[in-house]
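Peer 1: All I have is the shape, not the residue letters:
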């Protein structure tokens with residue numbers, strides 16, 4: 001099996017987000033006899049020359065890496081979308097790349113245009129519902145050109161042998177729009193790492209407060225995600241303002257970073273929430289698991305989602321969840337069993353459900369049970385089988 005992944009990820013995996021987590025996970029757990037190559041990006045002073053293959057270690061395994069361009073900060077959103085720059089340089093360097101006997105994995109559809117002339121086996125991963133590109137909260141540059149996107153999509157989509165869609169709703173939509181190739185579309189659930197995200201015992205949890213410098217004054221809420229419009233952490237802060245009127249000693253851990261951080265800091269000062277909210281910044285998965293274990297409730301206020309990994313990870317730690325009705329959260333968040341789904345994205349409705357959830361007695365074991373079908377071993381076994389079938393079909 002020769003797997004060639006094409007995405008704007010750097011050789012150190014420093015770009016963060018759900019797509020990057022997915023790629024890192026399925027590379028690190030792939031069978032050892034698979035040859036894995038990545039065509040991606042690199043950062044300044046990495047020592048890697050663009051347009052050349054390099055031997056690197058990615059997620060503790062040796063791979064071949066081909067940087068297309070140098071990016072100062074892969075987590076910033078430049079005027080010219082990074083994915084379009086990747087597509088341009090992919091076309092420019094395509095003659096230096098051997099595509100023979102390889103299965104190409106694309107995680108954005110745009111770069112596939114550069115290789116439309118290459119006759120090889122190609123799969124596509126769609127990380128969400130494509131109709132969210134015209135959601136008012138999206139950061140996608142396609143937002144103002146969504147009609148054009150849906151016009152050109154048919155010219156791209158039919159080149160792929162298999163299309164994995166990380167949204168059940170999105171997958172059904174593709175099948176409806178492309179009935180002649182409906183069999184190529186498959187819903188790929190997100191997964192979690194059970195060896196990292198698990199319920200700690202009470203003794204383990206008690207020492208975590210000191211480690212992170214957090215004092216328990218009252219109930220602790222936690223949010224994990226990019227501080228971007230899609231995740232809408234400002235909506236959560238609006239809800240927190242209302243919650244504080246009922247529970248003055250409430251605390252919120254905001255785990256993640258992004259372009260909304262400065263606006264969040266301004267909001268905390270303006271609404272006197274600085275003593276209630278801890279801006280934790282970006283954390284490693286093991287640290288996120290620890291923060292989940294010292295919290296009482298996970299809250300997600302996204303405008304749209306695929307299948308949010310953070311929700312799975314919270315439930316795997318025995319933590320109930322209050323989430324807006326976005327993406328596939330409702331597959332695992334069951335009202336009165338593992339938390340609540342909030343149908344309306346209004347601060348008062350979110351505050352109401354958070355207060356109700358904090359007063360309820362959710363079973364950590366039930367939270368873990370509901371999410372267990374999405375453990376890494378189960379979902380990745382299916383994915384690897386599908387990739388092998390795609391390679392040999």
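Peer 2: Received, thanks. What you see is a predicted model, and the numbers here were worked out from it, not measured in a lab. Numbers count the residues shown, from 1 in each chain.

Peer 1: where does the nearest residue to residue 226 once chain neighbours are set aside land on pLDDT?
Peer 2: Spatial nearest neighbour of residue 226, excluding adjacent residues (CB to CB, 6 or more residues apart in numbering): residue 258 at 4.4 Å. To be clear about C-beta, it is placed using only N, CA and C from the backbone, and glycine gets the same treatment. On pLDDT, residue 258 comes in at 90.

Peer 1: Surely residue 258 is in contact with residue 229?
Peer 2: No - judged on CB atoms under 8 Å, residue 258 makes no contact with residue 229 at a distance of 9.0 Å.

Peer 1: Quick one: mean pLDDT over the helix or strand containing residue 23.
Peer 2: Using DSSP states H and E, residue 23 sits in helix 18-28. What helix 18-28 shows for mean pLDDT is 92.

Peer 1: Ok, stretch 91-100 next?
Peer 2: For stretch 91-100, the mean confidence score works out to 94.

Peer 1: what distance separates the start and the end of that stretch?
Peer 2: 16 Å (CA to CA, to the nearest Å).

Peer 1: buried stuff in that stretch?
Peer 2: Residues 91, 93, 97, 99 are the ones in stretch 91-100 that count as buried (16 or more other CB atoms under 10 Å).

Peer 1: hang on, isn't residue 365 packed against residue 318?
Peer 2: Yes - at 7.1 Å, residue 365 and residue 318 qualify as touching, with contact defined as CB under 8 Å.

Peer 1: if you count what's nearby, which of those two comes out ahead?
Peer 2: residue 318 (21 against 10; other CB atoms under 10 Å).

Peer 1: dump the residue contacts of that one.
Peer 2: Each residue near residue 318 by CB atoms under 8 Å, 6 or more residues apart in numbering is listed here: 199, 293, 364-365, 367-368.

Peer 1: Helices - which of the buried residues of stretch 91-100 land there?
Peer 2: 91, 93 (DSSP state H).

Peer 1: Save the buried residues of stretch 91-100 as CSV, and put in distance to residue 278 too.
Peer 2: Formatted as CSV, the buried residues of stretch 91-100 follow (distance: CB to CB, whole Å):
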residue, distance to residue 278
91, 46
93, 44
97, 46
99, 48
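
Peer 1: ok, back up a step: now for the contacts of residue 318: which two are most distant?
Peer 2: Across the contacts of residue 318, the longest distance by CB to CB is 14.6 Å; it joins 293 and 365.

Peer 1: I'd like to know which elements the longest helix seen in the chain is packed against.
Peer 2: The longest helix of the chain (DSSP H) is helix 376-392. Contacts defined by 3 or more CB pairs under 8 Å, 6 or more residues apart in numbering; DSSP states H and E place helix 376-392 against helix 18-28, strand 103-106, strand 121-126, strand 162-165.

Peer 1: need those in a markdown table with mean neighbour count and distance to residue 112, can you?
Peer 2: Converted to a markdown table, these look like this (neighbours: other CB atoms under 10 Å; distance: least, CB to CB, whole Å):
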| stretch | mean neighbour count | distance to residue 112 |
| --- | --- | --- |
| helix 18-28 | 19 | 15 |
| strand 103-106 | 23 | 5 |
| strand 121-126 | 22 | 7 |
| strand 162-165 | 23 | 11 |
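
Peer 1: Between these, which one is closest to residue 268.
Peer 2: Closest among these, using CB to CB: helix 18-28, at 25.9 Å.

Peer 1: what's the angle between the closest one and strand 121-126?
Peer 2: 140 degrees (axes from the mean of the first three to the mean of the last three CA atoms, to 10 degrees).

Peer 1: Can you name every helix or strand that helix 18-28 contacts?
Peer 2: strand 2-10, strand 61-70, helix 309-316, helix 376-392.

Peer 1: let's go with 6 Å and repeat that
Peer 2: Where contact means 3 or more CB pairs under 6 Å, 6 or more residues apart in numbering; DSSP states H and E, helix 18-28 is not packed against any helix or strand.

Peer 1: Quick one: residues in contact with that helix.
Peer 2: Applying CB atoms under 6 Å, 6 or more residues apart in numbering, the contact partners of helix 18-28 are 9, 13, 36, 59, 107, 127, 309.

Peer 1: Could you check the pLDDT of the first one?
Peer 2: What that stands for is residue 9. Predicted confidence (pLDDT) for residue 9: 94.

Peer 1: just the second one next, same as before
Peer 2: Model confidence at residue 13, expressed as pLDDT, equals 73.

Peer 1: try the fourth one
Peer 2: The model reports residue 59 with a pLDDT of 90.

Peer 1: Which residue is the nearest non-sequential neighbour of it?
Peer 2: residue 28 (3.8 Å).

Peer 1: got the contact list for residue 54?
Peer 2: With contact set as CB under 6 Å, 6+ apart, residue 54 has these partners: 48, 65.

Peer 1: Can you tell me how far the nearest residue to residue 164 once chain neighbours are set aside is from residue 28?
Peer 2: Distances taken as CB to CB, 6+ apart place residue 188 nearest to residue 164, at 4.0 Å, with adjacent residues excluded. As for residue 188, its distance to residue 28 is 17 Å (criterion: CB to CB, to the nearest Å).

Peer 1: Can you identify each of the helices in the stretch 151-300 of the chain by residue range?
Peer 2: Along the stretch 151-300 of the chain, counting by DSSP state H, counting those that start in this stretch, helices occupy 168-177, 202-206, 208-212, 233-246, 261-270, 285-293.

Peer 1: could you dump those helices to TSV with distance to residue 303 and mean neighbour count?
Peer 2: Formatted as TSV, the helices of the stretch 151-300 of the chain follow (distance: least, CB to CB, whole Å; neighbours: other CB atoms under 10 Å):
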stretch	distance to residue 303	mean neighbour count
helix 168-177	15	17
helix 202-206	32	10
helix 208-212	29	13
helix 233-246	8	20
helix 261-270	16	14
helix 285-293	22	19
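
Peer 1: can you tell which of those helices is closest to residue 192?
Peer 2: Closest among the helices of the stretch 151-300 of the chain, using CB to CB: helix 285-293, at 9.5 Å.

Peer 1: which intervals of the stretch 1-150 of the chain have sub-threshold pLDDT?
Peer 2: Residues of the stretch 1-150 of the chain meeting the criterion pLDDT under 70: 141.
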